[in-house]
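Student: Prediction below, plus the sequence it came from.
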Amino acid sequence: MAETEPQPTSETAPATAPKTESHDPSVPEAWSRFMRTGWGDRELDLPRHPVAPYAAARRARLAAAFPGERLVLPAGGYKVRAYDTDYRFRPDTAHTYFTGNQTSDAVLVVEPDGSAVLYARPRSSRDTDEFFRDRQYGELWAGRRPSAKEIGDSLGLEVRHVDRLADDLAVSAKTRVHRGVSSYVDGLVAPDEALDAELARVASELRLVKDDWEVAQLQEACDITTLGFEDAVREWPRVLEFGERWIEGTFFRRARAMGNDIGYDSIVAGGSHATTLHWIENTGPIVPGQLVLLDMGVEGRNLYTADVTRTLPVSGTFTPLQRDLYDLVLRAQEAGIAAVRPGAAFRAAHHAAVEVLAHGLADLDLLPVPVEEALDEDSKVYSRWTLHGVSHMLGMDVHDCGQASKEAYAEGTLAEGMVLTVEPGLYFQEDDLLVPEELRGIGIRIEDDILVTADGASNLSAALPRTSRDVELWMGDLIG
């Protein structure tokens with residue numbers, strides 16, 4: 001999936017009164033008093049989360065990068081979808097990476113001595129009306145949140161109520177805040193652009209190399225994604241009836257059943273929609289004889305996401321022209337994957353893939369200059385039909401490690417344990433008068449998730465077929 005800028009999240013200060021709506025019934029004191037009595041203790045004995053030792057090691061590395069400083073990383077809060085309905089909560093990536101916590105409104109504070117405290121909003125007590133009146137946090141409205149003890153037992157962290165955060169941060173210390181996640185937390189500490197930006201950079205760069213647990217999480221996300229693609233093709237008669245929407249819904253069902261969510265808005269692009277890189281409307285028909293580009297990824301329950309693209313012939317068989325173009329993109333992808341290895345430049349896959357694409361475009365007599373000139377960094381005219389970079393890092397964010405420095409990421413070198421996409425594409429717009437009419441409206445992208453290994457690369461999404469012939473056989477087996 002082509003990269004875009006992340007959007008900040010925000011939330012208000014910890015609530016002091018239950019969040020209610022104007023149409024809620026009144027609560028007489030007798031009802032309130034009665035509701036606070038007669039409840040049993042429901043404290044759960046939770047096992048230690050498998051991420052706990054990894055998160056502890058990550059916090060240690062983060063603290064070592066800023067010795068003697070306080071570091072504040074909020075999870076964020078709910079975002080309004082419409083009036084009194086919120087989007088499903090998803091915590092900030094950096095917060096969860098260093099804690100494993102997925103509850104809203106929590107804040108990780110790493111103290112100057114390297115110790116860590118998780119400030120959280122635990123489940124509603126029976127001392128106030130929150131548990132039966134609050135629409136956002138009340139247990140009887142929104143479900144049971146874990147208690148402070150349960151969070152601490154699971155994550156191996158000291159947990160304090162988030163209501164204590166403001167007072168604790170008032171204690172003098174050099175403090176950096178992961179900004180743009182929580183407007184409430186941002187307001188508690190005076191900003192220092194340079195200090196805070198450096199925290200965001202380091203938090204991103206520490207995620208560049210994945211540990212064994214993360215690799216397993218990404219593999220699981222890819223495996224579930226494969227099942228989601230298979231689900232969609234098995235329902236091809238419905239796809240032809242209802243179009244792009246059916247594939248989107250089918251894939252989402254698998255993502256929710258076995259994962260947490262989709263990792264990003266699914267791109268289901270039939271026909272000329274495939275020439276729009278981020279076509280997420282998914283409102284068009286699926287027409288026999290055309291291609292459909294599917295860029296979809298499952299986010300697992302620990303928030304690691306796959307990012308996979310396949311371009312399929314709607315009729316189950318590529319036309320000769322479609323096959324030639326598809327095979328060109330596949331050759332480019334294979335060249336890109338072959339360039340992935342420890343010590344190679346991050347952009348090595350991109351350069352290898354676009355060289356193949358540029359020569360292919362030259363063979364189609366589309367380039368206005370010789371191919372060597374087109375490939376020059378001062379020209380790159382081939383990009384009219386390729387448009388985007390071939391790779392981005394992958395992890396808990398679909399475009400992972402986005403605040404890392406250029407030297408560590410885009411202009412850096414690959415290392416064992418990094419995971420990146422390799423996703424070349426060709427896009428011929430409907431109104432492009434510089435290409436033959438038979439090419440117009442065709443978009444093809446092939447994308448896989450590649451782990452850098454000690455001696456090269458491993459394709460985490462290899463279970464989905466890639467060659468044109470294998471795609472046809474796979475579709476035939478699933479459609480029946």
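Tutor: Yes, it's here.
Student: C-alpha only now, for contacts and for neighbours.
Tutor: Will do.
Student: which residues are contacting stretch 19-36?
Tutor: Asp84, Arg126, Asp127, Thr128, Asp129, Phe132, Arg133, Asp134, Arg135, Gln136 (Cα atoms under 8 Å, 6 or more residues apart in numbering).
Student: Next, Leu157: phi, psi?
Tutor: The phi and psi torsions at Leu157 (degrees, to the nearest 10) take the values phi -130, psi 150.
Student: you'd agree it is up against Ser115?
Tutor: No - counting by Cα atoms under 8 Å, Ser115 is not a contact partner of Leu157; they are 9.5 Å apart.
Student: any common contacting residues for those two?
Tutor: The overlap between the contact sets of Leu157 and Ser115 (Cα under 8 Å, 6+ apart) is empty.
Student: neighbour count winner among the two?
Tutor: Comparing Leu157 with Ser115 by neighbour count (other Cα atoms under 10 Å), the higher total belongs to Leu157, at 21 against 14.
Student: From His49, how far off is the more buried one?
Tutor: Leu157 sits 11 Å away from His49, taking Cα to Cα, to the nearest Å as the criterion.
Student: One more: Leu188?
Tutor: To His49, Leu188 is 30 Å away according to Cα to Cα.
Student: before we move on, what about Pro112?
Tutor: Distance from Pro112 to His49, counting by Cα to Cα: 26 Å.
Student: And Arg33, by the same measure?
Tutor: To His49, Arg33 is 37 Å away according to Cα to Cα.
Student: picking that back up, possible to save the contacts of stretch 19-36 as TSV with neighbour count?
Tutor: Listed next are the contacts of stretch 19-36 as TSV, based on neighbours: other Cα atoms under 10 Å:
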residue	neighbour count
Asp84	10
Arg126	14
Asp127	11
Thr128	15
Asp129	18
Phe132	20
Arg133	22
Asp134	20
Arg135	19
Gln136	19
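Student: from those, which single one is nearest Arg384?
Tutor: Asp84 (44.1 Å; Cα to Cα).
Student: which residues in the stretch 251-400 of the chain form helices?
Tutor: Using DSSP state H, counting those that start in this stretch, the helices assigned to the stretch 251-400 of the chain run over residues 320-338, 348-363, 371-375.
Student: what helices or strands is the first one leaning on?
Tutor: Contact partners of helix 320-338 among helices and strands, from 3 or more Cα pairs under 8 Å, 6 or more residues apart in numbering; DSSP states H and E: helix 348-363, strand 419-422, strand 442-445, strand 456-459, helix 468-479.
Student: And the contacts of that helix?
Tutor: Helix 320-338 has contacts (Cα under 8 Å, 6+ apart) with 348-357, 360, 422-426, 444-447, 450, 456-457, 466-468.
Student: Next, the buried residues of that helix.
Tutor: Within helix 320-338, the residues that count as buried by 16 or more other Cα atoms under 10 Å are 322-323, 325-337.
Student: domain assignment for the chain?
Tutor: Split into domains by automatic domain parsing, the chain comes to 29-34+41-205, 212-479.
Student: Using TSV, lay out these together with mean pLDDT.
Tutor: Formatted as TSV, the domains of the chain follow (pLDDT from 0 to 100):
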stretch	mean pLDDT
domain 29-34+41-205	96
domain 212-479	98
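Student: so which of the ones you listed is the most packed in?
Tutor: Of these, the one with the most neighbours on average (mean count of other Cα atoms under 10 Å) is domain 212-479, at a mean of 20.
Student: about what we covered before: between the buried residues of helix 320-338, which sits nearest Lys149?
Tutor: Nearest to Lys149 out of the buried residues of helix 320-338 is Ile337 (Cα to Cα; 46.2 Å).
Student: can you put the domains of the chain in JSON lines and add distance to Thr20?
Tutor: Output for the domains of the chain, formatted as JSON lines (distance: least, Cα to Cα, whole Å):
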{"stretch": "domain 29-34+41-205", "distance to Thr20": "6"}
{"stretch": "domain 212-479", "distance to Thr20": "28"}
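Student: of those domains, which approaches Pro18 most closely?
Tutor: domain 29-34+41-205 (4.4 Å).
Student: Can you list the neighbours in contact with the lengthiest helix in the chain?
Tutor: Using DSSP state H to define each element, the chain has its longest helix at helix 212-234. Residues outside helix 212-234 that contact it (Cα under 8 Å, 6+ apart) are 51, 54, 239, 246-247, 250-252, 254-255, 258-259, 296-300, 302, 304-308, 395, 417, 449, 460-461, 463-464, 475, 478-479.
Student: Going C-terminal from it, what's the next secondary structure element?
Tutor: helix 236-242 (DSSP states H and E).
Student: same for that following helix, what does it pack against?
Tutor: When contacts are defined as 3+ Cα pairs under 8 Å, 6+ apart, helix 236-242 sits against helix 244-258.
Student: and the nearest residue to Ser125 once chain neighbours are set aside, what does it touch?
Tutor: Nearest in space to Ser125, with sequence neighbours left out and distances taken as Cα to Cα, 6 or more residues apart in numbering, is Phe131 at 6.5 Å. Shown in contact with Phe131 (Cα under 8 Å, 6+ apart): Arg123, Ser124, Ser125, Tyr137, Gly138, Glu139, Leu140, Trp141.
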